[in-house]
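Trainee: model this:
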Amino acid sequence: MAQIDISNLKKINKERNNVHDQVYATYTVFDYNGKKYLQIDTYGKPARENPEKISQSFQVNRETAAYIANLLIEEFGLKLC
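Mentor: This next block holds a predicted model:
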């Protein structure tokens, strides 16, 4: 499991990129020591050996969520209604 560290989040340019297959995912929201967190879990491809086992997880708190929201707005040119 990983919590995103926005103080070290940097944009890089890669020579080769590809689009990953879509996979099943869930999310949960919880409080820990008075802070609210959102956790997203992905379960990998259905053909894998243990398809019900969590493949990747990441957590964001309020500060990280705001940072990512602003990043998405900037990178995709989104406008909030």
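
Trainee: Just say helix, strand or coil for the residue sitting nearest the centre point of the chain.
Mentor: The chain has F58 as the residue nearest its centroid, 5.5 Å off, counting by CA atoms, centre = their mean. When classified by DSSP: H, G, I helix; E, B strand; the rest coil, F58 comes out as strand.

Trainee: and T42, how many neighbours does it have?
Mentor: Using other CB atoms under 10 Å, T42 has 15 other residues around it. C-beta coordinates here come from the backbone N, C-alpha and C atoms, glycine included.

Trainee: wait, doesn't Q3 sit right on Q59?
Mentor: Yes - using CB atoms under 8 Å, Q3 is in contact with Q59, at 4.6 Å.

Trainee: What is the neighbour count of V60?
Mentor: By the criterion of other CB under 10 Å, V60 has 19 neighbours.

Trainee: Kindly report the same for E52.
Mentor: The burial count for E52: 8, using other CB under 10 Å.

Trainee: can you check D31 too?
Mentor: 8.

Trainee: got the contact list for it?
Mentor: By CB atoms under 8 Å, 6 or more residues apart in numbering, the residues touching D31 are Y37.

Trainee: Which strand residues bridge it?
Mentor: On the basis of DSSP bridges, D31 is bridged to K36.

Trainee: And it, how close does it get to L80?
Mentor: Distance, D31 to L80, by CB to CB, to the nearest Å: 26 Å.

Trainee: do A2 as well
Mentor: Relative to L80, A2 is positioned 28 Å away (CB to CB).

Trainee: Show me which of the two is the more surrounded one.
Mentor: For A2 and L80, the more surrounded residue by other CB under 10 Å is A2, and the numbers stand at 8 against 5.

Trainee: Surely the more buried one is in contact with S57?
Mentor: Yes - using CB under 8 Å, A2 is in contact with S57, at 7.0 Å.
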